[in-house]
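> could you work out the structure for the sequence below:
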Amino acid sequence: MSRKVCKSCKIFVEGAACPICKGNQFTTNWKGRLFILDPNKSMIAQKINAKHAGEYAIKVR
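Numbers count the residues shown, from 1 in each chain. Presented below is the predicted three-dimensional model:
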């Protein structure tokens, strides 16, 4: 089963709503993964505007 990703914030989602934006627009068409452990200290998190720790998709369609 493919994992689903929120289209707006690009975080991997398990439930029926995104934990960050509370949206329900998901896709299973994604490429690449980023693991953000501490968004305050991560330069990559700042580049992608990630405010929360978690697993993010690099490219979402």
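> now the strands: where do they sit in the protein?
Applying DSSP state E to the chain gives strands spanning 4-6, 12-13, 26-27, 30-36, 54-60.
> any idea which of these is most buried?
strand 4-6 (a mean of 22; mean count of other C-beta atoms under 10 Å). Quick note: C-beta positions are derived from backbone N, CA and C, even for glycine.
> contacts for that strand?
Residues outside strand 4-6 that contact it (C-beta atoms under 8 Å, 6 or more residues apart in numbering): 11-13, 18, 20-21, 23, 25-28, 30, 57, 60.
> give the contact list for residue 38.
With C-beta under 8 Å, 6+ apart, residue 38 has these contacts: 45, 53.
> same thing but at 7 Å, please
residue 53 (C-beta atoms under 7 Å, 6 or more residues apart in numbering).
> look up how far residue 15 lies from it.
24 Å (C-beta to C-beta, to the nearest Å).
> same check on residue 28?
If you measure residue 28 against residue 15 using C-beta to C-beta, the figure is 15 Å.
> so the two - more neighbours on which side?
Each of residue 28 and residue 15 has its neighbours counted (other C-beta atoms under 10 Å); residue 28 has more, 11 against 8.
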